[in-house]
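Asks: Next one to model:
(chains A and B)
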Amino acid sequence: MNNLDKQFNQMRAQLEQVDTSAMEQRIEQQLRQEWHLINNSSQSMNTPMNTQPTNTTSPNRSLWTKLGYGFGGSALALLALFTAVYVQPDATPSPSTTTTLSTTGSGSLSVRDLEMPSTISLGEEDSEMMIYDYDYPAEDRSYADDEGNQYFDESVSMTIQVKDNILEILEQIKTESTNLSGYVTNVSYTEYSGGTVNLKLPSDTLTVFESYLREIDINGEIDVTNYNITNVSDEVVQLDQEIKQLQETIEENAQTLETGELTDEERAALKRSNENLEESMTDKQDERTETVAKYDLVDVTLYVREEPSFWSGNYYQYDTSTFGGKIKYQASKAVNSLISTSGFLIRFVIWLGTYAVIIAPFWLVIRYFVRKRRART
Amino acid sequence: MSHYPEASAEQIEAAKHSEEQYIELYRMYVQRVHRFVLSRTGDVHLAEDITQETFVSMLRKLTTYTPTGAPFSSWLFQIALNHIRMHMRKRSNQPNIDLEVIPEITQSAQDHTAEWLDVWQALHKLNDKDQELLIMKYIDGMSNQEIATVMQISTNGCGVKLHRALQRLQEYL
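Replies: Here you go, the predicted structure:
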């Protein structure tokens, strides 16, 4: 045994000789008191000491733990609420005043309120809302109808009810009118409700168009609310007469220029007059073409109503004068409100879960170190 | 292997339910714990306080104790160590080992006072971990495995640390 071991043994021997009896008795009394204290408290709780919960925490610690969990949960919920409110998917596009029904094909349509119609007139070239450029038909087109050289100004108003979305229907109507050599002049609509379409169609295609409308109507019928026809042949006849007179005058002047004995001044004046007459005749001819084209087209005003959908939220379309309509109105209103709210609730729950998953690892690590520290003390 | 007897699992289980059995368990370990704490702190009054706190903590935590194969003293010494470290943290400096404050030791150490007191003084110049290792090894007679359980280190690591602690102690002697 080396010297160090010997010294340690001596130290131990000395320490073993220290009188600790007084200390031992004192501590024993303390322990007995402590035992009874613990035993009595466990008896009052009707649980024996050996079944007491091992992780007994002081009331203050328990309160702090609860407060901590409470604050943490509240902070998490507030964060998810804030995110759900301010981070929303673009569910509905913002209303736009631009309508882009173009000749080239389908364009994006915007939502507009029927209560505030904004009409678009053909010819407003300086407006952003001009929707259509129509190429007038050639002059040699045959406009003769069943009654000979008569021209009629027709206008008709019709109403249909469709099942499909109003935007899709308007697009189909535009295509159909183009196929029939007509064109759309005005559109106004409210999504999930209905709209009004003004278009011009050649009169001989009106029947075909009506057949098409019957196909898309949910009941297979059209409600014609107005039909006007005006014979405007006299205007065209008058223009023809004016053109004829001008033509005759121009021919006479030409003949006079060829054969007549005129001074240079008279010849020049007659030439100028003939040029003016030719210009006037051209204008009259253009006017005639335009008139014929215009009056040979039927003005169609089409009211398209979208069938009320229980889920779409346009519950105001139900007829509340009937009992069934009232029930549908209230139910659709409630369902729509729930869907609108649920969307927010779903977003809130998703964000809450996302934040909980992100924060959980940090919380577990902190809890591990806190428990480890408590175990040491 | 320690020089002192260890409580069996049955004794420990009985102490959980019986006051007398618990007091018997206390009497079995009180001197060892007091000796360990006194060796570590060098302060008689402090050693008594820490000893008391150790056994009160043992009373409160006995229900959580589950035999794992290691001696019961390892678990008990862990509690004592925690209390020692808590008290030492409150003190800004290591306590001066004043031999006159330990009347029991100096009174009885008539023949070998100079020798082992040198070791005692040198021991308290070491850092906390070295002191604890050497005290458990040479005062209480615990094995490297038992010390490793108390210190929560590996057995091999314990051997290495003991060797180094001894070397440092030799430097102070």
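Asks: Now do the phi/psi pair for residue A:186.
Replies: For residue A:186, the backbone dihedrals are phi -160, psi 140 (criterion: degrees, to the nearest 10).
Asks: For burial, what's the neighbour tally of the residue in the stretch 201-350 of chain A that chain B sits nearest to?
Replies: Across the stretch 201-350 of chain A, no residue is closer to chain B than residue A:349, which sits at 39.5 Å (C-beta to the nearest C-beta). Every residue, glycine included, has its C-beta placed from N, CA and C. The burial count assigned to residue A:349 is 12, neighbours taken as other C-beta atoms under 10 Å in any protein chain shown.
Asks: Quick check: pLDDT value at the nearest residue to it once chain neighbours are set aside.
Replies: The shortest distance from residue A:349 to any residue that is not its chain neighbour, by C-beta to C-beta, 6 or more residues apart in numbering or on different chains, is 8.0 Å, and that residue is residue A:80. You'll see residue A:80 listed with a pLDDT of 86.
Asks: How many residues are close by residue A:80?
Replies: When neighbours are counted by other C-beta under 10 Å, residue A:80 registers 20.
Asks: What are the buried residues along the helix or strand where it lies?
Replies: Following DSSP states H and E, one finds residue A:80 within helix A:59-86. Applying a neighbour-count criterion of 16 or more other C-beta atoms under 10 Å in any protein chain shown, one finds A:76, A:80, A:83, A:84 buried in helix A:59-86.
Asks: helices and strands around that helix, which ones?
Replies: helix A:323-376 (3 or more C-beta pairs under 8 Å, 6 or more residues apart in numbering or on different chains; DSSP states H and E).
Asks: so what pLDDT did residue 100 get?
Replies: Looking at chain A here, since you left the chain open. Looking at residue A:100, its pLDDT reads 36.
Asks: hm, I was asking about chain B
Replies: Residue B:100 is assigned a pLDDT of 47 by the prediction.
Asks: got the residue ranges for the helices in chain B?
Replies: Using DSSP state H, the helices assigned to chain B run over residues B:9-17, B:19-41, B:44-61, B:72-90, B:103-108, B:113-123, B:128-134, B:144-151, B:155-172.
Asks: Can you flag the weakest of those helices by average pLDDT?
Replies: Considering the helices of chain B one by one, the lowest average pLDDT is found for helix B:103-108, at a mean of 48.
Asks: Measure how buried residue B:136 is and give me the count.
Replies: Other residues near residue B:136 number 27, with proximity taken as other C-beta under 10 Å.
Asks: Look up how far residue A:355 lies from the residue of the stretch 201-350 of chain A closest to chain B.
Replies: 11 Å (C-beta to C-beta, to the nearest Å).
Asks: so what's whichever residue of chain A sits closest to chain B up against?
Replies: Among the residues of chain A, residue A:8 lies nearest to chain B; the distance is 3.7 Å by C-beta to the nearest C-beta. Taking C-beta atoms under 8 Å, 6 or more residues apart in numbering or on different chains as the definition of contact, the neighbours of residue A:8 are B:116, B:119, B:134, B:138, B:139.
Asks: make it 10 Å
Replies: The neighbourhood of residue A:8, defined by C-beta atoms under 10 Å, 6 or more residues apart in numbering or on different chains, consists of A:1-2, B:116, B:119-120, B:123, B:134-135, B:137-139, B:141, B:169.
Asks: still on that earlier bit, what score does the residue of the stretch 201-350 of chain A closest to chain B have for pLDDT?
Replies: pLDDT recorded at residue A:349 is 85.
Asks: before we move on, the earlier item: quick one: name whatever helix or strand follows the helix holding residue A:80.
Replies: With secondary structure assigned by DSSP H and E, helix A:59-86 is succeeded by strand A:152-162.
Asks: hang on, the earlier thing: which neighbours do residue A:349 and residue A:355 have in common?
Replies: Common neighbours of residue A:349 and residue A:355, using C-beta under 10 Å, 6+ apart, are residue A:80.
Asks: now the nearest residue to residue A:356 once chain neighbours are set aside: how far from residue A:360?
Replies: Of all residues not flanking residue A:356 in the chain, residue A:76 sits nearest, at 6.5 Å (C-beta to C-beta, 6+ apart). Taking C-beta to C-beta as the measure, residue A:76 and residue A:360 are separated by 11 Å.
Asks: Tell me who's in contact with the spatially most central residue of chain B.
Replies: Geometric centre of chain B, nearest residue: residue B:36, 2.9 Å, by C-alpha atoms, centre = their mean. For residue B:36, the set of contacting residues under the criterion of C-beta under 10 Å, 6+ apart consists of A:15, B:29, B:47, B:50-51, B:54, B:73, B:76-77, B:80-81, B:84, B:132, B:135-136, B:139-140, B:142, B:150.
Asks: Is residue A:184 in a helix, a strand, or coil?
Replies: What DSSP: H, G, I helix; E, B strand; the rest coil gives for residue A:184 is strand.
Asks: Excluding chain neighbours, what is closest to it?
Replies: Nearest one to residue A:184, counting by C-beta to C-beta, 6+ apart, is residue A:199 at 4.5 Å.
Asks: my guess is that neighbour contacts residue A:301, does it?
Replies: Yes: counting by C-beta atoms under 10 Å, a contact exists between residue A:199 and residue A:301, whose distance comes to 8.4 Å.
Asks: Now the residue of chain B found nearest chain A: closest residue in space, sequence neighbours ignored.
Replies: Nearest to chain A in chain B, going by C-beta to the nearest C-beta, is residue B:138, at a distance of 3.7 Å. Closest residue to residue B:138 apart from its sequence neighbours, by C-beta to C-beta, 6+ apart: residue A:8 at 3.7 Å.
Asks: how much space is there between the one you found and residue A:197?
Replies: Applying C-beta to C-beta, the value for residue A:8 to residue A:197 is 108 Å.
Asks: okay, the angle between the helix or strand harbouring residue A:235 and strand A:152-162?
Replies: Assigned by DSSP H and E, residue A:235 belongs to helix A:233-259. Between helix A:233-259 and strand A:152-162, the angle comes out at 140 degrees (axes from the mean of the first three to the mean of the last three C-alpha atoms, to 10 degrees).
Asks: Could I get the buried residue list for helix A:233-259?
Replies: Applying 16+ other C-beta under 10 Å to helix A:233-259 flags A:233, A:235, A:236, A:239, A:242, A:243, A:246, A:249, A:250, A:253 as buried.
Asks: Sort the residues you listed by pLDDT and name the bottom one.
Replies: Within the buried residues of helix A:233-259, the minimum per-residue pLDDT falls on residue A:233 (71).
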